[in-house]
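> model the structure of this input:
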Amino acid sequence: MSLPEHLSPEDNLMNPTVSVVMPVYNVEAYVAEAIDSVLAQTFTDFELIVVDDGGSDRSMEIVRGYEDPRLRIVVQANRGLAGARNSGILEARGGYIALLDSDDRWLPEKLALHVIHLDHNPEIGVSFSPSRFIDRDGRPMRLVQTPKLDGIEAEDIFCRNPVGNGSAPVIRRAALETVAFPNPEEPARVCYFDESLRQSEDIEMWLRLSVAGGVRFAGIEPALTEYRVNGGGLSSQVVRQYQSWEQVVARLTGYAAEFAGTHVSRARAYQLRYLARRAVQLGDPGMALALLREAMASNRRPLLEEPVKTMVTVVAALAGRIIGPDRFARLAALAVGGRLVA
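Below is the predicted model:
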């Protein structure tokens with residue numbers, strides 16, 4: 001798909017169908033891959049808004065090396081991922097907003113298929129696709145996200161987050177406007193993502209769109225996003241991620257207390273199970289087992305609904321405890337073509 005015949009190149013730049021928003025902060029190793037994947041799209045009626053979020057490496061030098069007229073740069077002091085996305089959305093001219101984190105990549109058909117999906121289904125506000133995982137060097141891993149694609153309810157988003165990551169969705173601008181709010185510290189600044197969150201900003205937004213905005217989510221079958229998994233890290237990251245998730249629950253309770261009360265124990269169990277798998281990846285099987293105990297204490301639905309995945313998590317944590325985290329990490333890498341991630 002290319003530029004519609006009735007549009008001139010100048011019209012295309014001023015009124016693109018899709019605005020791609022890409023925050024950039026200290027990603028010099030990956031940003032060229034992300035930009036190249038956008039410029040290689042078979043659908044060409046887009047603008048690419050790169051938001052310089054105040055990093056200190058060569059990322060923006062690399063960005064400025066591109067001469068494509070569809071690429072625009074927004075410069076700001078560091079606001080974090082949510083704030084950078086908001087700045088990009090505020091600059092966007094397109095009716096559809098596509099998000100791409102600057103360490104991820106898209107397949108060439110990504111935008112074309114989402115535009116078709118949204119154009120032919122006006123009741124859908126968020127179109128997403130599954131993601132396949134790549135390692136830090138961009139090599140495919142033997143892991144592909146397989147989320148629910150149809151009949152998605154708000155509780156599906158809360159408990160299992162079928163969107164998966166921030167590089168997967170393409171969103172109607174009109175849907176975003178249903179949940180826009182003024183920044184509490186800068187009332188003149190419109191926000192979409194919650195800038196007070198430095199983690200879990202994605203799931204907070206998807207929940208607010210679904211629960212408060214009544215926006216419909218639907219997926220399409222191909223895995224069109226390549227989500228980069230950077231190995232290594234600290235177990236303290238798991239703790240911070242859980243704390244941020246609980247902040248999301250607190251915000252949800254503030255505007256949808258009955259919904260939160262009904263579904264929070266199941267959602268918490270799934271979140272703790274996910275974090276247990278992250279703990280195994282990070283080489284801390286003791287923490288993984290503790291998180292699994294907390295998950296089962298919260299709600300046993302993950303064991304009943306996804307028994308294989310839950311038991312694999314248990315076995316992985318126990319194996320790590322028995323054979324040692326370093327040896328287990330090597331075995332896991334051989335098993336999945338990378339690191340255990342989901």
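> how is this protein partitioned into domains?
Per automatic domain parsing, the structural domains of the chain span 9-228, 235-336.
> could you dump those to JSON lines with mean pLDDT and mean neighbour count?
C-betas here are computed from N, CA, C, even on glycine. Formatted as JSON lines, the domains of the chain follow (pLDDT from 0 to 100; neighbours: other C-beta atoms under 10 Å):
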{"stretch": "domain 9-228", "mean pLDDT": "94", "mean neighbour count": "19"}
{"stretch": "domain 235-336", "mean pLDDT": "86", "mean neighbour count": "18"}
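> from the chain's centroid, how far away is stretch 170-179?
Averaging C-alpha positions (C-alpha atoms, centre = their mean, to the nearest Å) puts stretch 170-179 16 Å from its chain's average.
> next: stretch 54-73.
Stretch 54-73 has its C-alpha centroid displaced from the chain centroid by 22 Å (C-alpha atoms, centre = their mean).
> between its first and last residues, how far does it reach?
One end of stretch 54-73 sits 12 Å from the other (C-alpha to C-alpha, to the nearest Å).
> ditto for stretch 298-317
By C-alpha to C-alpha, the extent of stretch 298-317 from end to end equals 19 Å.
> same check on stretch 99-107?
14 Å.
> may I have the phi/psi pair for the nearest residue to Val144 once chain neighbours are set aside?
In space, and not counting its chain neighbours, Val144 is closest to Arg132: 4.5 Å by C-beta to C-beta, 6 or more residues apart in numbering. When quoted as degrees, to the nearest 10, the phi and psi of Arg132 stand at phi -110, psi 150.
> same deal with the one 4 residues further on?
The phi and psi values for Arg136, taken as degrees, to the nearest 10, are phi -60, psi -20.
> hang on, it packs against Val229?
Yes. Arg136 lies in contact with Val229 (C-beta atoms under 8 Å); the separation is 7.3 Å.
> roughly how far does the residue nearest to Val144 sit from Arg160?
Relative to Arg160, Arg132 is positioned 18 Å away (C-beta to C-beta, to the nearest Å).
> same deal with Ile220?
Ile220 is 18 Å from Arg160, by C-beta to C-beta.
> can you check Tyr255 too?
Distance from Tyr255 to Arg160, by C-beta to C-beta: 21 Å.
> list the contacts for Glu201?
Leu81, Ala82, Arg85, Gly166, Phe193, Asp194 (C-beta atoms under 8 Å, 6 or more residues apart in numbering).
> export these as JSON lines, with columns for secondary structure and distance to Leu39.
Below are the contacts of Glu201 laid out as JSON lines (DSSP: H, G, I helix; E, B strand; the rest coil; distance: C-beta to C-beta, whole Å):
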{"residue": "Leu81", "secondary structure": "helix", "distance to Leu39": "22"}
{"residue": "Ala82", "secondary structure": "helix", "distance to Leu39": "25"}
{"residue": "Arg85", "secondary structure": "helix", "distance to Leu39": "20"}
{"residue": "Gly166", "secondary structure": "coil", "distance to Leu39": "20"}
{"residue": "Phe193", "secondary structure": "coil", "distance to Leu39": "25"}
{"residue": "Asp194", "secondary structure": "coil", "distance to Leu39": "31"}
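> what's the farthest-apart pair in these?
Farthest-apart pair in these is Gly166 and Asp194; separation 13.2 Å (C-beta to C-beta).
> Val20: which element?
For Val20, the enclosing helix or strand under DSSP states H and E is strand 18-24.
> that strand pairs with which strands, and in what direction?
If you go by DSSP bridges, strand 18-24 pairs up with strand 46-52 (parallel), strand 96-99 (parallel).
> distance to Gly283 for the ones you listed - can I get that in TSV?
Formatted as TSV, the strands paired with strand 18-24 follow (distance: least, C-beta to C-beta, whole Å):
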stretch	distance to Gly283
strand 46-52	34
strand 96-99	31
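> now do the helix or strand encompassing Val38: distance to the chain's middle.
Assigned by DSSP H and E, Val38 belongs to helix 31-39. Taking the mean of its C-alpha atoms, helix 31-39 sits 17 Å from the chain's own mean (C-alpha atoms, centre = their mean).
> before we move on, what about stretch 151-169?
10 Å.
> next, the distance between the ends of it.
Counting by C-alpha to C-alpha, the terminal residues of stretch 151-169 are separated by 17 Å.
> give me the contacts around that stretch.
The list of residues contacting stretch 151-169 from outside it, by C-beta under 8 Å, 6+ apart, reads 81, 85, 98-101, 104, 106, 126-131, 145, 147-149, 201-203, 206-207, 210-211, 216-219, 224-225, 227, 252, 259, 262-264, 266-267, 270.
> in helices only, show me those residues.
Cross-referencing the contacts of stretch 151-169 against helices under DSSP state H gives 81, 85, 201-203, 206-207, 252, 259, 262-264, 266-267, 270.
> and the residues you listed, which is closest to Tyr30?
Closest approach to Tyr30 among these (C-beta to C-beta): Leu81, at 14.6 Å.
> hmm, Pro23 and the closest one touching each other?
Yes. Here Leu81 reaches Pro23: they are 5.6 Å apart, a contact under C-beta under 8 Å.
> which residues do the two both contact?
Listed as contacting both Leu81 and Pro23 by C-beta under 8 Å, 6+ apart are Asp53, Asp101.
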